[in-house]
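[1] Give me a 3D structure for the following:
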Amino acid sequence: MPLDEKLGETCASRRAINHSTFSSSAFHFFDYMISYKYQIDIIRGIGMREQEAWRIDGFIGIGCVALFVLAGFVSLIQAQLLLAVFCFALAAFLATGITIVQPNQAKVIIFFGRYFGTIRDSGLFFTVPLTVRKKVSLRVRNFTSKKLKVNDVQGNPIEIAAVVVFRVIDSAKAVFDVDDYEQFVEIQSEAAIRHVATKYPYDTFEDDNEITLRGNADVISDVLAQELQDRLRIAGVDVMEARLTHLAYSPEIAGAMLQRQQAAAILAARKKIVEGAVSMARMAIEQLDKENVLELDDERKAAMVNNLMVAIVSERAAQPVINTGSLY
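    Purely as a prediction, here's the structure:
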């Protein structure tokens with residue numbers, strides 16, 4: 001039998017059983033309020049998913065409460081104590097269903113230990129009485145991690161920190177699928193930062209195309225945001241942005257790494273200077289040969305190249321020397 005048909009029969013049988021015993025248990029009322037699709041998800045073992053809770057305008061609920069309170073006072077005046085107690089008790093019972101939702105806030109409704117739904121709209125509402133209502137903020141929030149010490153892909157100890165911009169998009173997952181979603185965001189963010197830091201080098205002077213933590217901030221931010229989204233999806237959290245706020249070598253190796261950076265920079269600069277000097281010497285010889293200014297043999301060309309290389313590559317200004325003799 002196909003899975004959907006089997007699930008449909010299961011839900012139908014549950015509703016039939018609940019209908020036959022509705023008067024014996026108040027818990028069966030929930031099976032009539034929960035959606036068919038949500039029961040399918042529960043049977044399939046899918047995690048919690050936000051659904052809209054039943055509610056009406058809160059002023060209607062307040063009006064009903066006021067009406068029963070008034071009826072209770074009238075009953076007291078008429079010396080009908082039992083009716084007065086019943087009216088007051090019913091008013092108190094209905095008053096438990098009145099709730100206020102602030103803007104950019106959601107309230108997760110729990111009915112006797114079972115998820116009833118979520119109210120996302122702001123305002124005054126009346127929902128099922130005797131329910132527990134948990135507040136979940138839907139506002140955009142920032143989390144700034146501590147400075148973490150971790151080794152990059154080359155084994156160099158570095159300090160790294162990041163800021164994560166996130167918001168809750170599924171209140172049911174945030175409340176029921178994790179124990180504390182704020183703490184979950186904090187721990188998973190630090191784990192993701194450590195993991196991303198170990199995948200890339202802090203810096204490199206050998207390959208300009210290699211992705212580094214220092215030189216490719218945008219790429220690293222995108223990778224970190226995707227890593228966080230994969231980790232926090234279970235908590236119903238949407239990662240809007242993730243950026244590195246601190247990146248440096250650890251203090252114990254900062255001096256040595258600075259010398260290494262300086263040496264690598266000097267070598268890279270020397271390489272460029274040598275390439276430029278060779279190009280200039282080649283251009284000078286080719287131009288002399290082309291214009292037939294001088295006829296130089298290999299030995300004279302070698303001497304000329306040597307003089308040009310010394311003059312260009314030297315860190316100090318070359319001192320001119322006049323040769324009055326012959327090269328031979």
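[2] Isn't residue 213 up against residue 202?
    Yes. Counting by Cβ atoms under 8 Å, residue 213 does reach residue 202; the two are 5.3 Å apart. Any C-beta I mention is one placed from the backbone N, CA and C, and that applies to glycine too.
[3] tell me, what's touching those two both at once?
    Common neighbours of residue 213 and residue 202, using Cβ atoms under 8 Å, 6 or more residues apart in numbering, are 152, 158, 247.
[4] neighbour-wise, which of those leads?
    In terms of neighbours by other Cβ atoms under 10 Å, the shared contacts of residue 213 and residue 202 top out with residue 158 at 25 neighbours.
[5] Quickly find the element holding that one.
    According to DSSP states H and E, residue 158 maps onto strand 157-168.
[6] now for that strand, which elements pack on it?
    Counting contacts by 3 or more Cβ pairs under 8 Å, 6 or more residues apart in numbering; DSSP states H and E, strand 157-168 is packed against strand 141-144, strand 148-151, helix 181-197, helix 217-232, strand 237-249.
[7] Contacts for the first one, please.
    With contact meaning Cβ under 8 Å, 6+ apart, strand 141-144 is reached by 161, 162, 163, 164, 165, 166, 167, 185, 186, 189, 245.
[8] Now with 6 Å, please.
    163, 164, 165, 185, 189 (Cβ atoms under 6 Å, 6 or more residues apart in numbering).
[9] And that strand, what's buried?
    residue 143 (16 or more other Cβ atoms under 10 Å).
[10] And for the second one?
    Neighbour-count burial for strand 148-151 flags 148, 150 (criterion: 16+ other Cβ under 10 Å).
[11] mind checking how far that strand is from the chain centre?
    Relative to the centre of its chain, strand 148-151 is centred 19 Å away, using Cα atoms, centre = their mean, to the nearest Å.
[12] How is the chain partitioned into domains?
    In terms of domains, the chain is parsed into 1-46, 49-138, 141-249, 267-313 (source: automatic domain parsing).
[13] Packing partners of the lengthiest helix in the chain?
    With secondary structure taken from DSSP state H, the chain has its longest helix at helix 251-291. Counting contacts by 3 or more Cβ pairs under 6 Å, 6 or more residues apart in numbering; DSSP states H and E, helix 251-291 packs against helix 298-313.
[14] just to revisit the earlier point, sheet partners, orientation included, of the strand holding residue 158?
    strand 141-144 (antiparallel), strand 148-151 (antiparallel), strand 237-249 (antiparallel) (DSSP bridges).
[15] quick one, strands of the stretch 1-150 of the chain?
    For the stretch 1-150 of the chain, the strands defined by DSSP state E, counting those that start in this stretch occupy 56-57, 98-101, 105-111, 114-119, 123-126, 132-137, 141-144, 148-151.
[16] Name the residues of the third one that come out as buried.
    Spelled out, that is strand 105-111. Those would be 105, 106, 107, 108, 109, 111, for strand 105-111 by 16+ other Cβ under 10 Å.
[17] Adjacent strands (with direction) for it?
    If you go by DSSP bridges, strand 105-111 pairs up with strand 114-119 (antiparallel), strand 132-137 (antiparallel).
[18] Of all the domains of the chain, which one comes closest to residue 260?
    Taking Cβ to Cβ, domain 141-249 is the member of those nearest to residue 260, at 9.0 Å.
[19] The closest one - what's its average pLDDT?
    Domain 141-249 shows a mean pLDDT of 92.
[20] before we move on, back to that, tabulate the buried residues of strand 105-111 (TSV), appending distance to residue 263 and pLDDT.
    Shown next, in TSV, are these (distance: Cβ to Cβ, whole Å; pLDDT from 0 to 100):
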residue	distance to residue 263	pLDDT
105	57	95
106	57	96
107	61	96
108	59	96
109	65	96
111	69	94
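[21] between the residues you listed, which is closest to residue 224?
    The shortest approach to residue 224 among those belongs to residue 106, at 27.2 Å (Cβ to Cβ).
[22] which residues touch that closest one?
    Applying Cβ under 6 Å, 6+ apart to residue 106 gives the contacts 118, 120, 136, 138, 171.
[23] In these, which residue is surrounded by the most others?
    Neighbour-wise, the contacts of residue 106 (other Cβ under 10 Å) top out at residue 171, 25 neighbours.
[24] Is residue 159 bridged to anything, and to what?
    Residue 159 forms beta bridges with residue 149, residue 248, as assigned by DSSP bridges.
[25] That one: neighbouring residues, count only.
    Residue 159 sits with 17 neighbouring residues when counted by other Cβ under 10 Å.
[26] That one touches residue 251, doesn't it?
    No. Counting by Cβ atoms under 6 Å, residue 159 stays clear of residue 251, with 8.2 Å between them.
[27] that older thread, tell me the one of the contacts of strand 141-144 nearest residue 261?
    Using Cβ to Cβ, those come closest to residue 261 at residue 163, 26.3 Å.
[28] How about the contacts made by the closest one?
    With Cβ under 6 Å, 6+ apart, residue 163 has these contacts: 142, 144, 243, 245.
[29] can I get these in TSV with distance to residue 80?
    Below are the contacts of residue 163 laid out as TSV (distance: Cβ to Cβ, whole Å):
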residue	distance to residue 80
142	60
144	64
243	69
245	70
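[30] Between the residues you listed, which sits nearest residue 125?
    If you rank the contacts of residue 163 by distance to residue 125 using Cβ to Cβ, residue 142 comes first, at 30.0 Å.
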